[in-house]
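Colleague: Have a look at this prediction, sequence included:
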Amino acid sequence: MEDVVASNACKGIVSTGELRRQLDRQLLTDADLDAFCLDTFPMVYRSFSAGMERQQKLNLLLARFPPEDILQSLCKLSASNIPRGSGSSRHAGPAVRRSLNLQMQCHLLCMVLGLLSIIFGSWQVIRSAIRAAIRTEPIVENSIASRPRTARPAYLTSQPPGALIVDVATGRVIGETPWRLSDGERLSPPRQVCLRKGGFLPQLLTFPPSTTMEQSLHIRLRVETGEATSSSQEETCYDTTPFVD
């Protein structure tokens, strides 16, 4: 409809006001107005200055050239525009170029927003993983710190310590006080041992079959005075076990 009106207007004489309105409809931006004046009325274009308003430019154009000349130039510009649906935009009119620019800007904006949403979603996932790792770290430390650190108690101790423990059956030294059974070691069948330490009387011990590592035995050794003794325990230690100090 607008094309028909413009075509009819090109055939007649229009007023200055009508011509101004047609210029506003055809030349939507200041850049379009500058290009129109540069191509068709270069003398007017050279009169434009930086910061000049659009109405001032239109007043210069309308004051220097007859409306008929301006109208014919505007009609030529309209006729050179590619019709709608032509598929080419290189020689399209100002309105078509403006529409294409808006579409390109919308596409670019959508792409930027999509990229930002992907980055934001990835950051949310990373931040959740970091928070989960920070929350679980103190729990692991607390669980380790809360474990009771109990040292394995000695199974056999003596006063004074450092007494040799000799197996009566084999005569072999199996350790010294404080002493405990090795993991997995059993005292079955019942075993007799002798505690020997220089300057003290030997002490004979018999482990019952039910003895476990959780039970602790403490022996107080008697000081050797040099007097003859007739204790059967001492005689057993003297007769069947070597003394190793």
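Modeller: Arrived safely, thanks for sending.

Colleague: rest of the way, CA atoms for contacts and neighbours
Modeller: OK.

Colleague: Following the chain onward from the longest helix seen in the chain, which element is next?
Modeller: Under DSSP state H, the helix in the chain containing the largest number of residues is helix 94-145. Using DSSP states H and E, the helix or strand that follows helix 94-145 in sequence is strand 156-159.

Colleague: mean confidence score for whichever helix or strand comes after that next one?
Modeller: Per DSSP H and E, the first helix or strand lying C-terminal to strand 156-159 is strand 164-167. Model confidence over strand 164-167, given as mean pLDDT, is 84.

Colleague: same thing with stretch 132-151?
Modeller: Rounded mean pLDDT across stretch 132-151 is 56.

Colleague: low-confidence ranges in the protein?
Modeller: Along the chain, the parts satisfying pLDDT under 70 run over 1-13, 81-97, 136-154, 181-190, 207-215, 227-236, 238-245.

Colleague: got the domain boundaries for it?
Modeller: Partitioning the chain according to automatic domain parsing yields domains covering residues 2-80, 156-240.

Colleague: could I get these as JSON lines with mean neighbour count and distance to A133?
Modeller: Formatted as JSON lines, the entries for the domains of the chain read as follows, by neighbours: other CA atoms under 10 Å; distance: least, CA to CA, whole Å:
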{"stretch": "domain 2-80", "mean neighbour count": "14", "distance to A133": "57"}
{"stretch": "domain 156-240", "mean neighbour count": "16", "distance to A133": "38"}
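
Colleague: Could I get these in a markdown table, plus columns for distance to L113?
Modeller: Supplementary listing: the domains of the chain in a markdown table, determined by distance: least, CA to CA, whole Å:
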| stretch | distance to L113 |
| --- | --- |
| domain 2-80 | 28 |
| domain 156-240 | 67 |
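
Colleague: Could you work out which of the ones you listed reaches nearest to G121?
Modeller: Between G121 and these, the shortest gap by CA to CA is with domain 2-80, which sits at 40.1 Å.

Colleague: if I pick the closest residue to P178 other than its chain neighbours, what's in contact with it?
Modeller: The shortest distance from P178 to any non-neighbouring residue, by CA to CA, 6 or more residues apart in numbering, is to T157 (4.4 Å). Listed by CA atoms under 8 Å, 6 or more residues apart in numbering, the contact set of T157 reads 177-179, 216-219.

Colleague: Show me which of those residues is closest to G162.
Modeller: The nearest member of the contacts of T157 to G162, counting by CA to CA, is T177 at 5.0 Å.

Colleague: residue contacts, the closest one?
Modeller: Contacts were defined as CA under 8 Å, 6+ apart; by that measure T177 touches 156-158, 161-165.

Colleague: One more: L74?
Modeller: Taking CA under 8 Å, 6+ apart as the contact definition, L74 lies against 23, 26.

Colleague: Distance-wise, check it relative to L217.
Modeller: Taking CA to CA, to the nearest Å as the criterion, L74 is separated from L217 by 119 Å.

Colleague: And L27, by the same measure?
Modeller: 110 Å.

Colleague: how close does the closest residue to A163 other than its chain neighbours sit to F36?
Modeller: What sits nearest to A163 in space, not counting adjacent residues and going by CA to CA, 6+ apart, is K197, at 4.8 Å. For K197, the distance to F36 (CA to CA) stands at 121 Å.

Colleague: likewise A163?
Modeller: Noted for A163: a distance of 117 Å to F36, by CA to CA.
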